[in-house]
Structures are given as C-alpha cells and as structure tokens.
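Asks: requesting a structural model of the entry that follows:
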Amino acid sequence: MKASWKGVEIARSDDTVLVEGNHYFPLEALDRQYVTFSNHKTMCPWKGQATYMSLMVDGDLLVDAAWTYADPKPEAEMIRNRVAFWKDVKVTP
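Replies: Next comes the predicted model:
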C-alpha cells in the first residue's frame, strides 16, 4: 500500500493492518521529511487515545492528516506503532 498527498509518497508498505476502513502503516514506513507537529488528540472508546501529525509538502500544510495510537487499548494492540491517514491523503495499492 502507498499513502500520498499532492503526488508525493508519504508512506509505503506491504505490511498494513486494516481497521475500520483505514490502512495502518508501520511507523518506520513513514517518510518523516513530510511530517510536522500537531498537538491534536482524540479518544476512541475501543482503541484509546490517538495523537495526530500534520503533513508539509512543497510549503503546503495538511493539518492533522495522520494519526497513531502510541499506547492502544488491548483490543487494538494490532495498531501499536502504526500510522493511518485521512483528509486528502490517498491510500492505494
């Protein structure tokens, strides 16, 4: 699977975990040169607290475009150390 925004590859991996329609990539598959800070967090009743990351490509910022669960609840352990994307990020095979 490949995650891209504005034609730039943000992450690529053959090892994704599909949860609720989102592909979770291993964190090491993320190209960190495009990642920037976000202080946004959300709480999922069954996965736990998600922390977000924004993306920066060619000077354009996509706020809170990726999220990860650093310490997921036991039933969501399969997404520990993984990142998923939304908004305008395209995830394709």
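Asks: low-scoring pLDDT stretches of this protein, where are they?
Replies: Within the chain, no range satisfies pLDDT under 70.
Asks: and the strands in it, which stretches?
Replies: 2-5, 8-12, 17-19, 22-26, 35-36, 41-44, 48-57, 60-68, 82-85, 90-92 (DSSP state E).
Asks: just name the most buried of these.
Replies: Among the strands of the chain, strand 82-85 has the highest mean neighbour count (mean count of other Cβ atoms under 10 Å), at a mean of 25. Backbone N, C-alpha and C define where each C-beta goes, glycine included.
Asks: what does that one contact?
Replies: 3, 10-11, 16-17, 19, 22-27, 29-30, 53, 65-69, 91 (Cβ atoms under 8 Å, 6 or more residues apart in numbering).
Asks: doesn't Y69 make contact with L27?
Replies: No - L27 is beyond contact range of Y69, at 10.8 Å (criterion: Cβ atoms under 8 Å).
Asks: G21: what's it in contact with?
Replies: Applying Cβ under 8 Å, 6+ apart to G21 gives no contacts.
Asks: before we move on, what about E9?
Replies: E9 makes contacts with 2-3, 31, as judged by Cβ under 8 Å, 6+ apart.
Asks: gap between it and Y34?
Replies: As for E9, its distance to Y34 is 9 Å (criterion: Cβ to Cβ, to the nearest Å).
Asks: who has more neighbours, L27 and Y69?
Replies: Y69 (22 against 14; other Cβ atoms under 10 Å).
Asks: I'd like to know the beta-bridge partner residues of the more buried one.
Replies: R80 (DSSP bridges).
Asks: that one touches E75, doesn't it?
Replies: No - using Cβ under 8 Å, Y69 makes no contact with E75, being 11.4 Å away.
Asks: joint contacts of the two?
Replies: Common neighbours of Y69 and E75, counting by Cβ under 8 Å, 6+ apart, are K47.
Asks: wait, isn't P26 in contact with S13?
Replies: Yes - counting by Cβ under 8 Å, P26 touches S13, with 5.7 Å between them.
Asks: contact partners for the closest residue to K6 other than its chain neighbours?
Replies: In space, and not counting its chain neighbours, K6 is closest to V57: 4.7 Å by Cβ to Cβ, 6 or more residues apart in numbering. V57 is in contact with 5-6, 8, 34, counting by Cβ under 8 Å, 6+ apart.
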